[in-house]
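S.K.: what follows is a predicted protein model with its sequence.
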Amino acid sequence: MNLGRFLLVSTTATIVGVAAYAIFKAGGVKPAMIEAVKGTIKAGDWTAEKYVSAKQEVTRLVDEAKADMAEGA
């Protein structure tokens, strides 16, 4: 392992360790995890809503195109 990679890994490990220690000392592990789960649920709900909306829009466009084709034929 070269020196640059070693310094990068050790610096990253130190930063992660300090952040984890700060969260642990603040008693924020459980609240932080709960907030992470809430965020994931909200993101999943948002994604599902956008998917349904996009699907409805595509269906509407296809129906409109078919109607236009039927009128022109």
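M.R.: Everything's here; your move.
S.K.: for burial, what's the neighbour tally of residue 38?
M.R.: 10 (other Cβ atoms under 10 Å). Where you see a C-beta, it was placed from the backbone N, CA and C, and this is true even at glycine.
S.K.: mind telling me what element it is part of?
M.R.: helix 29-72 (DSSP states H and E).
S.K.: helix, strand or coil for residue 27?
M.R.: coil (DSSP: H, G, I helix; E, B strand; the rest coil).
S.K.: quick one: it from residue 14, how far?
M.R.: Distance, residue 27 to residue 14, using Cβ to Cβ, to the nearest Å: 22 Å.
S.K.: what does residue 71 give?
M.R.: Residue 71 is 69 Å from residue 14, by Cβ to Cβ.
S.K.: residue nearest the centroid of the chain?
M.R.: Centroid-nearest residue in the chain, with Cα atoms, centre = their mean: residue 43, separated by 6.1 Å.
S.K.: flag the shaky bits of the protein, pLDDT-wise.
M.R.: For the chain, the stretches flagged by pLDDT under 70 are 1, 28, 73.
S.K.: burial of residue 23, as a residue count?
M.R.: 14.
S.K.: please consider this matter closed, and thank you.
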